[in-house]
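Peer 1: Just need the structure, nothing else, for what follows:
(one chain, ligands or ions: 1)
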Amino acid sequence: MIPFIDTHAHLDMEQFDIDRDEVIERSTNSGITAIINVGTDVEGSMRSVVLAESYPQIYATVGAHPHNAEGLFESDYDTLRELLSRDKVIAVGETGLDYFKNYSPADVQQEAFRRQIRLAIEINKPLIVHTRDAKEDTLKILEEEGAERVGGVIHCYSGDLDMARRCLETGFFISFTGVITYPKAEELREIVKEIPLDRLLIETDCPYLAPQQFRGERNEPSYVRFVAEKMAEIKGISEEELSRQLFTNVAKLFGIKDFGEEDTIVYKIRNSLYVNLTNRCTNDCIFCPREVRPEVEGYNLKLHSEPSAEAIIAKMGDPKSFDQVVFCGFGEPTLRLETMKKVAAYVKEKGGKVRINTNGHGNIINRRNILPELKGLVDAVSISLDSDNEEGYMELCQPVYDGGIFEEIVDFAEEAKKYIPSVVLTVVAIPGKVDIERCRKIAEGVGVGLRVREYNRIG
Ligand code: SF4
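Peer 2: Residues are numbered from 1 along each chain as shown. Down below sits the predicted model:
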């Protein structure tokens, strides 16, 4: 699968509220290795940062769209400035001018645009510019404010060739959406032909502007592939060549340099093969080195993007040659349920054995009882109990959920027995914090074994 990046998405918007995780999962499984999620107002920018800090493959930008220029307060610029200091916030925007819809008065849009260019220069991060029916004012403001010092991208390009050339002279990249796949967009395709390869980017602008194949439906990052396909056709090059060039362009503009690093997707300990599905977790256990030093037995488990089922299978070798294939790593595997099931099905088909190490939150995460779906796919499950009571669990594991979670984990273990041949509860023996005997009684009550893990021992 040829990898691509969606350089402009709005996954924080309400259109994704019901299935955001699935959409992101689908993009990973389609080879989209990174997504730049773009803020359009202060609240959306905050949500964008939260997404970037939750998913390794998502980066955020913060800013105020020209539609939202009216109503910006001085304190909003302070908030944007603060957000821009975060590691995964890579640009200012989207900002600019939109005289087509004119939701904010032109002079207010211009002032907000100028302020955000100054902010980008102050922080030294590039700009994401939206411009529609505002050619001369956009170029004038970019020039007067010295925007070429930080550069940026004119996103969802809809201007003429003259404007594209002048933006290139100012050091900007030009980005195209699924609009280039529309039958009537001949003029835009002619502009794509004229832009040098090393100044092009692609994006979905989802949930808007789905490519021709899905026109009128909600757009999503996995559809950026259709934009790439059309762009490669217009430029007369292979998709592999386009992919390489676009990765270089993204690295150059946004300074994201870690796409090329190879992640540890699978790793061997003794004769088990471990699968590193995600670094995300619904807990933040006080004993977990996930954030500071995600290493196990010399393997660095930090993921720059979450692997697809195909990528895992390609790295796996013969599953039968291992005692078991374990979904583990530093993260909760049921956050990636569909990928996990796909890989587990492959392992079983090849005659291997499957174990899951989980925090037991799978049914809450996926909003359904997932255990029947694991029947026949999973031979063993280790569920982290990690305390002997609710209060202790909240203190040690710091889940993202409110109370009741400890009981949920015990119920999960009880239910797991119906579908998975071997179920054990595990506990880390933190001196003075956990009553191991009470944990043992809980395990006995559920009718499963208890494994006590040494404190400060990983692997
Ligand atoms: S449940 Fe596991 S991966 Fe998640 S924070 Fe705790 S120790 Fe780390």
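Peer 1: Give me the distance from the longest helix belonging to the chain to the chain's centre.
Peer 2: If you go by DSSP state H, the chain has its longest helix at helix 106-123. Its chain's C-alpha centre and that of helix 106-123 lie 28 Å apart, by Cα atoms, centre = their mean, to the nearest Å.
Peer 1: One more: stretch 190-208?
Peer 2: 22 Å.
Peer 1: all strands of the stretch 351-459 of the chain, in order?
Peer 2: Assigned by DSSP state E, counting those that start in this stretch, the strands in the stretch 351-459 of the chain fall at 354-358, 380-384, 422-429, 449-454.
Peer 1: got a markdown table for these, with distance to the ligand, mean neighbour count and mean pLDDT too?
Peer 2: Where you see a C-beta, it was placed from the backbone N, CA and C, and this is true even at glycine. Output for the strands of the stretch 351-459 of the chain, formatted as a markdown table (distance: least, Cβ to the nearest ligand atom, whole Å; neighbours: other Cβ atoms under 10 Å; pLDDT from 0 to 100):
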| stretch | distance to the ligand | mean neighbour count | mean pLDDT |
| --- | --- | --- | --- |
| strand 354-358 | 8 | 23 | 97 |
| strand 380-384 | 6 | 22 | 97 |
| strand 422-429 | 8 | 20 | 95 |
| strand 449-454 | 10 | 14 | 90 |
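Peer 1: contacting residues around the residue nearest to Gly178 when sequence neighbours are not counted?
Peer 2: Distances taken as Cβ to Cβ, 6 or more residues apart in numbering put Pro211 closest to Gly178, at 3.3 Å, once the chain neighbours are dropped. With contact set as Cβ atoms under 8 Å, 6 or more residues apart in numbering, Pro211 has these partners: Gly178, Thr181, Asn219, Tyr223, Phe226, Val227, Lys230.
Peer 1: Selection in ChimeraX covering whichever of those residues are buried, please.
Peer 2: The buried residues among the contacts of Pro211 can be selected in ChimeraX (16 or more other Cβ atoms under 10 Å) with this line:
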select :178,181,219,223,226,227,230
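Peer 1: Low-confidence ranges, the stretch 101-250 of the chain, go.
Peer 2: For the stretch 101-250 of the chain, applying pLDDT under 70 flags no range at all.
Peer 1: In the lengthiest strand in the chain, which residues are buried?
Peer 2: The longest strand of the chain (DSSP state E) is strand 89-98. For strand 89-98, a neighbour-count test (16+ other Cβ under 10 Å) marks Val89, Ile90, Ala91, Val92, Gly93, Glu94, Thr95, Gly96, Leu97, Asp98 as buried.
Peer 1: Just put the residues you listed in CSV and tack on pLDDT.
Peer 2: Listed next are these as CSV, based on pLDDT from 0 to 100:
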residue, pLDDT
Val89, 96
Ile90, 97
Ala91, 98
Val92, 98
Gly93, 93
Glu94, 97
Thr95, 98
Gly96, 97
Leu97, 97
Asp98, 96
